[in-house]
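> Provided below are the primary sequence and the corresponding predicted coordinates.
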Amino acid sequence: MDRILIRGGVPLAGEITISGAKNAALPLMAAGLLTEERLVLENVPHLADIGTMAELLAQHGIAVERTGPERRALSLGGRITNTEAPYDIVRKMRASVLVLGPLLARVGEARVSLPGGCAIGTRPVDLHLKGLEQMGARIRLEGGYIDASAAGRLRGANIVLPFASVGATENLLMAAALAEGESVIANAAREPEIADLAACLAAMGARIEGAGSDRIRIEGVARLHGARHAIVPDRIETGTYVCAAAITGGEVHLRGARLAHVGALARILAEAGVDLSETAEGLRARRANGLHGVDVMTEPYPGFPTDMQAQFMALMSVAEGAAMVTETIFENRFMHVPELNRMGARINVHGASAIVRGVKHLSGAPVMATDLRASVSLVLAGLAARGETVVNRVYHLDRGYEAVEQKLAACGARIERLR
Ligand code: EPZ
């Protein structure tokens, strides 16, 4: 298994191009099931999770082909020949469950493995299933699978989500696009990835109002057609590299990054002593002086993202003073804490909150993490630490960060992949 070796202590300086958003690309690929015509997605990052979703679509009969400059476009097309999403693929990537709504809406049946829990929490999909039932789907859980069917077209419904789940909003939005009549999703998730999905569905002929707000109205249509759509830049990759600049006391230009998508993070980082300014082509991140501890709580968008919690904690571990970091979205998302502590951080977890007492220096160590964002927080800590850090289980990073070591090395970081 690959590992990443970092020799810390170099302030980053240079430019990083932000890739297309993984969490927008995955639902957009599932949207390829909604039409028999060709869907072309541009700005698709080269990531392991994209490969997994392509494998799943191939299983359903959809051919997925990389095209265009740097093979950054994905061309999807084909007839649905199989409606089963098998355990072997779903267990690798929970976002596989996003094929459920599109399959049901298009061909009236789907058999999708239940994703089960994962490292960061139990993560049930009950909200996806209840919403689809309200649209007329019959759903049975058997043998670890979701067996779903619909007699004829799904029907539009008024769905009130008890929690603004990102995945449930996406699944229901895709299903409602092809349902008969009007649907309303209230307390919908407002993440930019939802607005991006809705923009692509609209280009395919869907009638959607309010995506990006907490109330989405969809007027179902009988069929959707092909389209071409460019994926939004990755706001979590953006935030991660802002933290990389800040933790090393450097300055980095993030080409393609959008300030509007990292508002909550930008406000917190400004309080902590990190400058973020818009440029003609992206964002500039800079740490001018010292860092200060700032309390933060994760929330659904537009609040502070859970997907930035681990990286922010790495940053706070070298800030002056203390910071309280509270996680409200997932019940087990502090796996980076013991690893950061092995590097000299002083972090105590009390239930859903972690108290981070800043230290002057972290020290390099061999470390390991069990999920994507936890792993990258250890890379950030390694960039700031004295000495050598080896991050194990790099496959977590490869699921969600494109060319992480090349991007950081281009800004002066001493980082390499050990194969
Ligand atoms: C998406 O996951 C992201 N994944 C996650 O990205 C992100 O952490 C999360 O949203 C929150 O922002 C993708 O977009 C592919 P949720 P998702 O449904 O859709 C509970 C990363 O590192 N819930 O909004 O699965 C659930 O257990 C990651 O890139 C139910 O109880 O998130 C969780 O506590 C990991 N029942 C909370 O809601 C349901 O039916 C938020 O989940 C659905 C969710």
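Nice, I can see it. Keep in mind it's a predicted model, so treat the numbers as computed, not measured. Residues are numbered from 1 along each chain as shown.

> buried residues in stretch 87-100, which are they?
Under the neighbour-count criterion of 16 or more other C-beta atoms under 10 Å, stretch 87-100 has 87, 89, 90, 92, 93, 94, 95, 96, 97, 98, 99, 100 buried. In this view, the C-beta of every residue, glycine as well, is placed from N, C-alpha and C.

> dump it to PDB, restricted to CA.
Provided in PDB are the C-alpha atoms of stretch 87-100 (Å, rounded to 0.1, in the frame of the first residue of the first chain):
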ATOM      1  CA  TYR A  87     -22.700  -5.200  -2.200                       C
ATOM      2  CA  ASP A  88     -19.100  -5.400  -3.500                       C
ATOM      3  CA  ILE A  89     -19.300  -1.900  -5.000                       C
ATOM      4  CA  VAL A  90     -21.600  -0.200  -2.500                       C
ATOM      5  CA  ARG A  91     -19.500  -1.300   0.400                       C
ATOM      6  CA  LYS A  92     -16.500   0.600  -1.200                       C
ATOM      7  CA  MET A  93     -18.500   3.800  -1.600                       C
ATOM      8  CA  ARG A  94     -21.700   4.800   0.100                       C
ATOM      9  CA  ALA A  95     -22.500   7.400  -2.600                       C
ATOM     10  CA  SER A  96     -23.500   4.300  -4.700                       C
ATOM     11  CA  VAL A  97     -26.900   4.600  -3.100                       C
ATOM     12  CA  LEU A  98     -27.500   7.600  -5.300                       C
ATOM     13  CA  VAL A  99     -28.400   5.300  -8.200                       C
ATOM     14  CA  LEU A 100     -31.600   4.300  -6.300                       C
END
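
> quick one: that stretch near the ligand?
Yes - counting by C-beta under 6 Å from any ligand atom, the ligand has neighbours in stretch 87-100: 94, 95.

> what lies in contact with that stretch?
Stretch 87-100 is contacted from outside by 23, 26-27, 30, 33, 49, 52-53, 55-57, 59-60, 85, 110, 112-116, 118, 123, 125, 128, 132, 144-146, 148, 167, 170-171, 174, 399, using C-beta atoms under 8 Å, 6 or more residues apart in numbering.

> contacts with the ligand among the residues you listed, please.
Within the contacts of stretch 87-100, those near the ligand by C-beta under 6 Å from any ligand atom are 23, 26, 123, 125, 128, 167.

> ok, and the closest non-adjacent residue to residue 66?
residue 74 (6.2 Å; C-beta to C-beta, 6 or more residues apart in numbering).

> hmm, residue 65 and that neighbour touching each other?
Yes - assessed by C-beta atoms under 8 Å, residue 74 is found in contact with residue 65 at 7.2 Å.

> ok, these two, which is more surrounded?
Comparing residue 74 with residue 65 by other C-beta atoms under 10 Å, the one with more neighbours is residue 74, at 26 against 13.

> mind listing what the more buried one touches?
Going by C-beta under 8 Å, 6+ apart, residue 74 touches 25, 29, 40, 41, 44, 50, 54, 64, 65, 66, 67.

> in the stretch 201-350 of the chain, which spans are strands?
Assigned strands in the stretch 201-350 of the chain, in chain order: 207-209, 215-219, 227-230, 251-255, 274-278, 282-287, 296-297, 322-326, 346-350 (criterion: DSSP state E, counting those that start in this stretch).

> got the ones next to the ligand among the contacts of stretch 87-100 as JSON lines, with pLDDT columns?
Below are those laid out as JSON lines (pLDDT from 0 to 100):
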{"residue": "23", "pLDDT": "98"}
{"residue": "26", "pLDDT": "98"}
{"residue": "123", "pLDDT": "88"}
{"residue": "125", "pLDDT": "96"}
{"residue": "128", "pLDDT": "98"}
{"residue": "167", "pLDDT": "98"}
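
> as CSV, these with neighbour count would be great.
Formatted as CSV, these follow (neighbours: other C-beta atoms under 10 Å):
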residue, neighbour count
23, 24
26, 25
123, 17
125, 19
128, 26
167, 22
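
> from the residues you listed, which land in helices?
Of the positions in these, 23, 26, 128, 167 sit in helices, assigned by DSSP state H.

> show me the contacts for the second one.
For residue 26, the residues meeting the contact criterion (C-beta under 8 Å, 6+ apart) are 49, 50, 53, 93, 95, 98.

> show me which pair in the ones in helices among the ones next to the ligand among the contacts of stretch 87-100 is furthest apart.
With C-beta to C-beta as the measure, no two of those lie farther apart than 23 and 128, at 15.9 Å.

> for this structure, what lies in contact range of the ligand?
So far as C-beta under 6 Å from any ligand atom goes, the chain lies against the ligand at 23, 26, 94-95, 121-128, 163, 165-168, 189, 306-307, 329-330, 372-373, 400.

> good, wrapping up.
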